[in-house]
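*Asks:* Quick one: sequence and predicted model below, then my questions.
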Amino acid sequence: MESRRLFATESIGGRAVYKLHAVTVAAGILLVLYYRATSVPAAGEGRTAWLGMLVAELWYSVYWVYWVVTQSVRWSPVRRRPFRDRLAARYGEKLPSVDIFVCTADPHSEPPSLVISTVLSVMAYNYPTEKVSVYLSDDGGSVLTFYAMWEASAFAKHWLPFCKRYNIEPRSPAAYFSESDGLQDLCTPKEWSFVKGMYDEMTERINTTVMSGKITEDIMQNHKGFGEWNPEITSRNHKPIVQILIDGKDQKVVDNEGNALPTLVYMAREKRPQHHHNFKAGAMNALIRVSSAISNSPIIMNVDCDMYSNTSDTIRDALCFFLDEEMGHKIGFVQYPQNYNNMTNNNIYGNSLHVINKVELSGLDSVGGPMYIGTGCFHKREILCGRRFSKDYKEDWNAGIKDKIQENIYHIEEKAKSLAACTYEHDTQWGAEIGLKYGFPARI
């Protein structure tokens, strides 16, 4: 059993016809170029037209070059198949801790009620809750988003046990309640209606508060974090804010069935007009540092605020690659495809990304691995922090902060704030050799 791989690599069949097509197209291109080179007309015998055709063909040769390059990723695509049963048999629940990053930037273009649905979905993964820490980066620095997170921290005490008791899928409450009427689930209609009612009331409170643009005094008394905001704070000019809404290390913090809850953290990195904030890459790097002071898990996942996993076993699937004895030490990140719901059947703009997800990502996987597309990705923390690959490298999967149960939350938050300061990265390798790289056009 010990020697059995945790994942399999399978070639995608049915490529013979495509390869034949590609070869004939390539032959046609070469014949056209050969004809132009060997059939130069004499002066006055149509040379002007010949030159015009040659210029046109050379102009479109850039698309020929692109076509030739894309064949390298479409020639032999592969599919990876994880074996969660083998992972469970080998490791049981002795699995590494995971930090999950969710990024948002504007409470008006990215409604907080949508953001917290994503947060709740990743909190509810089928994974030991004491090993999950969820961080929200709010680049807008909005008290409205913090309020929504505070509401989510209370609703999570009902949502997480509900999901795990009845194996709910998907675990985004917005997606689940829009797709299900509860009749196909194991829960009783009364319980389903109760949880849905709680969710609807919460989203109504959040949406009403966002529309009003302010937090009432009675709400602000419920958590010390509301005191971080003042009238001078704007989305582009504010101090660093870090608030631990749920401390997963505190044994007294449990859901309504007495089970532990994941750690939940709100972060708004410092922004000042005179300092470049480097967009999402800057937010991700701040999250890497802030999380190192709170949980420091060896695995990091990041997801956009308008997404959710279509299966609650996403973490376990990713770990099948990282924990594989033969290849795990060579794998730096595991990228999931990004799919969309509610697409129109006659979509002519390719917004569903079918070709990228079903062809090009699989093709890139056959020639060294796909690109990091900025969301739905698991990384090893040490890789993001600048560690270079070596054959004798062994990951410490037991890493993570476990000995700070007695440390004062205030002190942890203050330390984390210093790591989210806008001047922290000055004269360092952050954004170059450490963390996400700045200025990269595909992910800035």
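*Replies:* Received it, and whenever you're ready, just let me know what you need.
*Asks:* list the contacts for L245?
*Replies:* By Cβ atoms under 8 Å, 6 or more residues apart in numbering, L245 lies in contact with 149-150, 153, 223, 225, 264-266. The C-beta positions use only the backbone N, C-alpha and C, and glycine is treated the same way.
*Asks:* How confident was the prediction at it?
*Replies:* Looking at L245, its pLDDT reads 97.
*Asks:* quick one: it is in a helix?
*Replies:* No - under DSSP: H, G, I helix; E, B strand; the rest coil, L245 sits outside any helix and is assigned strand.
*Asks:* Let the chain start at 187 from now.
*Replies:* Okay, residue one is now 187; in that scheme the one you just asked about reads as L431.
*Asks:* circling back to that earlier point, just the contacts of L431: which are in strands?
*Replies:* 450-452 (DSSP state E).
*Asks:* Could you dump those into JSON lines and include neighbour count?
*Replies:* Formatted as JSON lines, these follow (neighbours: other Cβ atoms under 10 Å):
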{"residue": "L450", "neighbour count": "25"}
{"residue": "V451", "neighbour count": "28"}
{"residue": "Y452", "neighbour count": "23"}
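*Asks:* Which residue ranges of the stretch 187-336 of the chain form strands?
*Replies:* 193-197, 264-268, 284-290, 318-324 (DSSP state E, counting those that start in this stretch).
*Asks:* Paired strands for the last one, with orientation please.
*Replies:* If I follow you right, that is strand 318-324. strand 284-290 (parallel), strand 449-454 (parallel) (DSSP bridges).
*Asks:* Check the protein and tell me which residue is nearest its centre.
*Replies:* V489 (2.3 Å; Cα atoms, centre = their mean).
*Asks:* ok, back up a step: would you turn the strands of the stretch 187-336 of the chain into a markdown table with mean pLDDT, distance to K623 and mean neighbour count?
*Replies:* Formatted as a markdown table, the strands of the stretch 187-336 of the chain follow (pLDDT from 0 to 100; distance: least, Cβ to Cβ, whole Å; neighbours: other Cβ atoms under 10 Å):
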| stretch | mean pLDDT | distance to K623 | mean neighbour count |
| --- | --- | --- | --- |
| strand 193-197 | 93 | 28 | 13 |
| strand 264-268 | 94 | 26 | 14 |
| strand 284-290 | 98 | 16 | 26 |
| strand 318-324 | 98 | 18 | 27 |
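*Asks:* what about P484, distance to R351?
*Replies:* 29 Å (Cβ to Cβ, to the nearest Å).
*Asks:* next one: F508
*Replies:* In terms of Cβ to Cβ, F508 sits 29 Å off from R351.
*Asks:* try G518
*Replies:* G518 sits at a distance of 36 Å from R351 (criterion: Cβ to Cβ).
*Asks:* do S307 as well
*Replies:* 16 Å.
*Asks:* Between these two, which has more neighbouring residues?
*Replies:* Shown here are S307 and R351; by other Cβ atoms under 10 Å, S307 has more neighbours (27 against 12).
*Asks:* so what's that one scoring on pLDDT?
*Replies:* 97.
*Asks:* Against Y352, how distant is it?
*Replies:* Relative to Y352, and taking Cβ to Cβ, S307 is found at 15 Å.
*Asks:* and if you look at V541?
*Replies:* For V541, the distance to Y352 - Cβ to Cβ - is 37 Å.
*Asks:* Same drill for those two, tell me which one is more crowded.
*Replies:* More crowded of V541 and Y352, by other Cβ under 10 Å: Y352, with 16 against 12.
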